[in-house]
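In: Pasting a predicted model and its sequence here:
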Amino acid sequence: MTEDFYDLLEIPPDASQDEIKAAYREQVRVYHPDLNDDDRAQAQFTAVKTAYDILGDPVERQAYDRLGHKDYVAKRTSGLPSPDVWKSNDGDDEETDGTELNYSESETKSAAEATAGSGTASSSASASNRSSTANAGATGSTTGSTATGTASASTTGTAQRTASATGTGTGTAGGSDTGTAGRTTSAAGETAHGTGGSSERDTQTGARSETAGNPVIRWWRRQNLSLPLLWLSLFVYVAGLGHFALANESTLATLWADVRALGADPSGILALLSASRHGLETTVAFVRGVEVVASPLESTLWYAAMAGVVALAVAALLVTRIVRRENPWGAVTIDETIVVALALGVTTTLVGGPLLAGAVLMPLLFGVIVRHTRRLPGWTPSYLYVVPVLAPAAGFVAATVDAASLPVDLAAFVFVPLFGGLALPVRATIRKHFGR
């Protein structure tokens with residue numbers, strides 16, 4: 001069962017406007033009444049169009065997100081079809097919990113009439129083709145009046161559906177050949193519309209059900225992973241700091257004892273830390289000495305192989321974009337970000353441990369997620385949130401050129417990234433749970 005308009009269009013709640021439009025076009029190609037003569041297609045198309053009208057309008061989408069699906073539908077919409085009319089037969093028969101698309105049968109009828117009225121021109125042209133072929137077996141005549149919707153018991157219901165879709169004709173079709181003629185002309189009309197007949201429509205429906213019917217894919221598309229990714233990058237980085245602390249445990253314990261001996265004297269502590277490194281290795285030396293797994297290659301070849309893994313992942317995403325997207329150079333999606341982050345996280349961990357991985361992942365994820373959030377209606381976080389998590393990269397550069405000291409390391413690797421980097425995920429968490 002469909003839970004909300006995002007699930008209906010099979011997109012995540014943080015989808016961009018381009019992604020919403022692309023999802024709507026994909027659904028229309030399957031469910032438009034001119035392309036699909038299934039009884040459920042009319043209702044599905046009405047619901048899909050309503051979902052797009054709401055989510056495609058930034059102002060309405062913001063109101064929808066603020067009110068929630070159930071309250072928004074109760075206050076601002078009417079005439080949506082019941083999902084029982086068009087739900088897929090994928091075994092997903094769980095009961096509704098009050099948040100799903102669940103509307104009355106009377107609303108279904110009014111929605112079908114409204115949609116039929118808006119598409120009279122297209123449907124009437126298709127109906128004309130059907131009636132010209134079916135005249136031999138049908139007695140109903142198109143008089144321009146409202147359909148009575150009556151049909152003899154011997155019909156299969158095709159003539160009745162045709163009359164309902166066009167809003168014309170008396171619908172008094174008779175004869176056992178009427179249903180066959182109607183189906184024949186329907187298939188011919190679909191071919192004339194460029195659908196390639198029922199076999200292509202079945203292919204479209206099958207391709208959709210292959211993903212939409214998969215509960216794992218449906219669950220994944222409904223997830224908003226931006227906030228978890230921010231916390232994950234910070235967790236990896238903190239794990240890297242812990243790794244560094246464990247490798248230098250005795251040296252840090254001695255240094256801490258010296259600092260405590262000075263008491264609350266900031267100038268004395270600063271002078272102590274600036275005097276020397278007190279036996280602590282630099283972060284660059286530490287990263288170079290990390291060996292998560294034994295390298296099977298010479299160091300240069302090993303680094304090249306890790307870079308090749310990242311390049312291969314990026315190349316695969318580019319090929320996928322070119323093949324599947326109308327605009328290959330559109331904004332980066334969260335799914336693509338996850339793929340790149342996974343490749344970078346694994347390779348940098350193998351090369352330099354979690355400290356290097358966290359220092360690389362934080363700027364990537366913070367930057368992409370800030371950009372992604374700013375494209376959506378509602379909160380537009382500043383790019384200044386990305387600045388603190390760039391500090392470790394600056395610290396590595398300083399250590400490489402022998403410009404690092406203990407105060408610089410503490411600022412670049414501890415205080416700035418931890419306290420400054422917490423600002424964005426904490427702010428996002430507060431907004432998510434308290435709406436502030």
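Out: Okay, I see it.
In: What average pLDDT does stretch 274-285 get?
Out: The pLDDT scores in stretch 274-285 average 90.
In: helix or strand for Arg221, which one?
Out: Element membership for Arg221 (DSSP states H and E) is helix 215-222.
In: Could you list the low-pLDDT ranges of the stretch 1-150 of the chain?
Out: 1-3, 34-39, 78-150 (pLDDT under 70).
In: coming back round to it: hmm, who's touching the very next helix or strand once past the helix holding Arg221?
Out: As assigned by DSSP H and E, the chain's next helix or strand after helix 215-222 is helix 226-247. Here helix 226-247 makes contact (Cβ atoms under 8 Å, 6 or more residues apart in numbering) with 14, 252, 283, 286, 290, 334, 337-338, 341, 345, 353-359, 361-362, 364-366, 369, 372-373, 389, 392, 413-414, 417-418, 421-422, 424-425, 428-429, 432. Where C-beta positions appear, they are placed from N, C-alpha and C, glycine not excepted.
In: same thing with stretch 251-264?
Out: Under Cβ under 8 Å, 6+ apart, the answer for stretch 251-264 is Ala245, Gly268, Ile269, Leu272, Leu273, His278, Gly279, Leu280.
In: Of those, keep whichever come out buried.
Out: With neighbours counted using 16 or more other Cβ atoms under 10 Å, the contacts of stretch 251-264 contain these buried positions: Ile269, Leu272, Leu273, Leu280.
In: Let me have the residues you listed in JSON lines, extended by distance to Arg76.
Out: Below are the buried ones among the contacts of stretch 251-264 laid out as JSON lines (distance: Cβ to Cβ, whole Å):
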{"residue": "Ile269", "distance to Arg76": "61"}
{"residue": "Leu272", "distance to Arg76": "65"}
{"residue": "Leu273", "distance to Arg76": "61"}
{"residue": "Leu280", "distance to Arg76": "62"}
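In: Now, those that are in helices?
Out: Members of the buried ones among the contacts of stretch 251-264 lying in helices (criterion: DSSP state H): Ile269, Leu272, Leu273.
In: residues in contact with the second one?
Out: Contacts were defined as Cβ under 8 Å, 6+ apart; by that measure Leu272 touches Asp258, Val259, Leu262.
In: And the first one, which helix or strand is it part of?
Out: When elements are defined using DSSP H and E, Asp258 is found to belong to helix 249-262.
In: Now do the spatially closest residue to Val309 that is not a sequence neighbour, the pLDDT please.
Out: Leaving aside its sequence neighbours, Val309 sits nearest to Thr347 (Cβ to Cβ, 6 or more residues apart in numbering; 5.4 Å). Looking at Thr347, its pLDDT reads 95.
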